[in-house]
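Student: Here's a sequence, model it:
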Amino acid sequence: MKHSLIFSLAAGIFCLGSGAWGADLPTGYLVWTKGDGSDPASRKIYRMTLPEKTDIRALTSGLPAEDIEGQISPDGKWVAYAKAKLPASNYHQTKGWKLYLVSIHGIGDGREEIKIDDNGYWPSWGQDGELYYSQVDEEGDSEHTRIMRVSLDERGATLQKNEIFSTREHFADQISVINECFMAPDGSWFAGRTRGDESVSGVGAFTMNPPSFVLLAKAGSVGCMPQVAPSGTWGLIAGRDHGIRWGEAPSVADRKQDQQLIFPFDDQDLCYHPGIASDEQWALSAHSTDNDHDAGPYDLYIYKLNDKTATAPIALVEGCFNGWPHIWVGEPSDPPPPNPHVDSFLPDSYTIVAGQDLVLHWQTSFADQVNLDQDPVDPDGSLSLSPAQSQTYTLTAASSEVSQTHSASLAITVVDSEQAVIIEDFAIAPTQMVTGETAVLSWQVMYPHTLGLNDEPVPPAGSLEVSPINATDREKDFEYTLTATGHSGPVVQTLTLTVSPLKQGLDDRGGCMCSSTGPNGWWLTGLALLFWVRRRQGHVSAP
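Tutor: Coordinates of the predicted model:
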């Protein structure tokens, strides 16, 4: 790119007096999409270690796919991104995208790309392992977005997924297009690319409760790629020939909007693909002179921020297609590789007759060394056996990257003749509770072939903590069904857990919260109120 030499020299002058070249760069990781400008399927997520700009590696696979929009998790452990397995894909064809995760250390050595089983794009991280993303909602004549939230466990597995907001439902009459929605970490507002009349085109700042819209920044007819800063107090937009512009969150008093952050280099320079470092001390921008913003080439530059004023640019990567940058600031050695895990270890039957074959099935994640008892096996696989007597098998997953291992065992019962399957015990304690409390399910089953608790496989003997949430204003029943298949089966039993909504009582200011539920609730509440009043009058001393 014609600007590269000029601004590399400018960056070098800017660094004079600071020691080595990398002294003016943050410590941590840069993640970005790199590939051939003419071939979207060549674009993969890459990682670079800063400040030395070393250890450049592809984090995602070489399959024919386009990987874009990488965002590093706040702890530096994961990279969320969108993947399209389409020949000649285009990132505006957002219905074809699916969400993925990959370790900051990439694939290999047991690590792999993790698919979040849903269509979506434009990921952004929330708090406590939550990930937000956009889904296209094209109902009617307008293009709008369903904002989704998924909760992840420490291994990147999906715990819960749900829609939290529909821009079509709340803003279709006001704004014709809202997409590329980037959520503030606390989930209180999001930045979204907008299309409509001149008053709304650009990037808007949207609150959800109550639904409202204010302008974040304008950027002409091609403004896009909104980002929200980790603090949630401001966000920015790429505006092509308008540079990179920013605005403050809706809740900020005397908020600023449509402010210039990064200027184009000259009249031919176009700015796309902005980014904000995790410490908010750095901004990023991709620069090009190519009007086809799906092709490039793009060169990535980093800018030190001083109260949202950008200093002189420093070139990070140049040539070919370089876009969607994100920087995580921290010690590169801190985010550990994910620990190996046995995801499932199941037999085709827990009970067999002597002489029958038994097939064991297993799946692991982040493991490159897996043993079934003492024998090495593939990380995912199955094995046919013919045990002569009852036996327990143990599968152990290990990784050459970490010292921690993970094991799972299953007990197989071998009988001389078919025995009827029996649920000997299936209990829940307590049977009634308040939202936020925990109940324990326990069970014991004899001679099952397979066993499922609410259709999820479980072993013949075990226990499980449950804590269902009652979001209603009255009691709600939750059912748990144990289904055991086997000889003379299936056998089915169902238990009911009654959950009451959480109710706050009166604060007696002596450290006691008195509930107004239960058979004695009303007179206890009245007694607490009388105690509080008399204490305020000086008649009762605090305990």
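Student: can you list contacts of stretch 54-62?
Tutor: Stretch 54-62 has contacts (CB atoms under 8 Å, 6 or more residues apart in numbering) with 31, 44-49, 67, 70, 79, 81, 83, 100, 102-107, 113. (Each C-beta comes from the backbone N, C-alpha and C, glycine too.)
Student: Mind checking which of these land in strands?
Tutor: 31, 44-49, 67, 70, 79, 81, 83, 100, 102-103 (DSSP state E).
Student: Which members of those residues are the farthest-apart pair?
Tutor: Spatially, the most separated pair among the ones in strands among the contacts of stretch 54-62 is 49 and 83, at 23.7 Å (CB to CB).
Student: out of those two, which sits in the more crowded spot?
Tutor: Per other CB atoms under 10 Å, whichever of residue 49 and residue 83 has more neighbours is residue 83, with 25 against 15.
Student: Is that one in contact with residue 70, as I believe?
Tutor: No. Using CB atoms under 8 Å, residue 83 is not in contact with residue 70; the gap is 10.6 Å.
Student: Buried ones among the contacts of stretch 54-62?
Tutor: Among the contacts of stretch 54-62, the ones that count as buried by 16 or more other CB atoms under 10 Å are 31, 44-48, 67, 70, 79, 81, 83, 100, 102-107, 113.
Student: wouldn't residue 401 be in contact with residue 337 here?
Tutor: Yes. Between residue 401 and residue 337 there is a contact at 4.2 Å, judged by CB under 8 Å.
Student: Determine the residues that are contacts of both of those two.
Tutor: With CB under 8 Å, 6+ apart as the test, residue 401 and residue 337 both reach 105, 109, 111.
Student: Looking at pLDDT only, which of these scores worst?
Tutor: For the shared contacts of residue 401 and residue 337, the model is least confident at residue 109; its pLDDT is 81.
Student: Report the separation between it and residue 143.
Tutor: From residue 109 over to residue 143 the distance is 41 Å, taken as CB to CB, to the nearest Å.
Student: cool, residue 241 as well?
Tutor: According to CB to CB, residue 241 and residue 143 sit 24 Å apart.
Student: Have a look at those two and say which one is more surrounded.
Tutor: Higher neighbour count among residue 241 and residue 143: residue 143, with 18 against 14, using other CB under 10 Å.
Student: Dig out what that one forms beta bridges with.
Tutor: Beta-bridge partners recorded for residue 143 (DSSP bridges): residue 177.
Student: go on, residue 422?
Tutor: Per DSSP bridges, the residues bridged to residue 422 are residue 446.
Student: which residues touch it?
Tutor: Residue 422 sits next to 445, 446, 447, 491 when contact means CB under 8 Å, 6+ apart.
Student: and the first one, how many neighbours?
Tutor: Taking other CB under 10 Å as the neighbour definition, residue 445 ends up with a count of 24.
Student: That one contacts residue 460, correct?
Tutor: Yes. Between residue 445 and residue 460 there is a contact under CB under 8 Å: 4.6 Å.
Student: Distance of the spatially most central residue of the chain relative to residue 149?
Tutor: Nearest residue to the geometric centre of the chain (CA atoms, centre = their mean): residue 131, 3.0 Å. From residue 131 over to residue 149 the distance is 7 Å, taken as CB to CB.
Student: ok, back up a step: wait, which of the ones in strands among the contacts of stretch 54-62 is closest to residue 167?
Tutor: So of the ones in strands among the contacts of stretch 54-62, ranked by how close each gets to residue 167 (CB to CB), first place is residue 81, at 22.4 Å.
Student: what is that closest one paired to in the beta sheet?
Tutor: residue 100.
Student: Begin at 682 from now on, thanks
Tutor: New numbering, starting at 682: the last item is residue 762.
Student: For the helix or strand where residue 1106 lies, output the C-alpha coordinates as PDB.
Tutor: In the assignment (DSSP states H and E), residue 1106 maps to strand 1103-1110. C-alpha atoms of strand 1103-1110 as PDB (Å, rounded to 0.1, in the frame of the first residue of the first chain):
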ATOM      1  CA  ILE A1103     -35.600 -51.900  38.200                       C
ATOM      2  CA  ILE A1104     -35.600 -48.300  39.500                       C
ATOM      3  CA  GLU A1105     -34.700 -49.000  43.100                       C
ATOM      4  CA  ASP A1106     -34.600 -45.400  44.200                       C
ATOM      5  CA  PHE A1107     -35.400 -42.000  42.700                       C
ATOM      6  CA  ALA A1108     -35.700 -39.100  45.100                       C
ATOM      7  CA  ILE A1109     -35.400 -35.300  45.300                       C
ATOM      8  CA  ALA A1110     -34.700 -33.300  48.500                       C
END
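Student: buried sites along that strand?
Tutor: For strand 1103-1110, the buried set under the neighbour-count rule, 16+ other CB under 10 Å, comprises 1103, 1104, 1107, 1109.
Student: now do stretch 819-832
Tutor: Neighbour counts using 16+ other CB under 10 Å place 823, 824, 825, 826, 827, 828, 829, 830, 831 of stretch 819-832 among the buried residues.
Student: and the helix or strand encompassing residue 983, C-alpha only, in PDB?
Tutor: Taking DSSP H and E as the criterion, residue 983 maps to strand 980-985. Taking Å, rounded to 0.1, in the frame of the first residue of the first chain, the C-alpha atoms of strand 980-985 are listed here in PDB:
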ATOM      1  CA  ASP A 980      -2.800  -2.400   6.400                       C
ATOM      2  CA  LEU A 981      -3.400  -2.500  10.200                       C
ATOM      3  CA  TYR A 982      -2.300   0.500  12.300                       C
ATOM      4  CA  ILE A 983      -2.300   1.000  16.100                       C
ATOM      5  CA  TYR A 984      -2.800   4.300  17.900                       C
ATOM      6  CA  LYS A 985      -2.100   5.200  21.500                       C
END
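Student: what helices or strands is the next helix or strand after it leaning on?
Tutor: Of the helices and strands lying after strand 980-985 in sequence (DSSP H and E), the nearest is strand 995-998. Of the remaining helices and strands, those touching strand 995-998 by 3 or more CB pairs under 8 Å, 6 or more residues apart in numbering; DSSP states H and E are helix 685-696, strand 709-717, strand 980-985.
Student: Among the ones you listed, show the one with the smallest mean pLDDT.
Tutor: Of all the helices and strands packed on strand 995-998, helix 685-696 has the smallest average pLDDT, which comes to a mean of 35.
Student: Could you chop the chain up by domain?
Tutor: 685-1010, 1026-1096, 1103-1181, 1187-1217 (automatic domain parsing).
Student: Mind telling me which of those the model trusts least?
Tutor: Among the domains of the chain, domain 1187-1217 has the lowest mean pLDDT, at a mean of 38.
Student: Okay, buried residues for stretch 1046-1061 please.
Tutor: Within stretch 1046-1061, the residues scored as buried using 16+ other CB under 10 Å are 1046, 1047, 1048, 1049, 1050, 1051, 1053, 1058, 1060.
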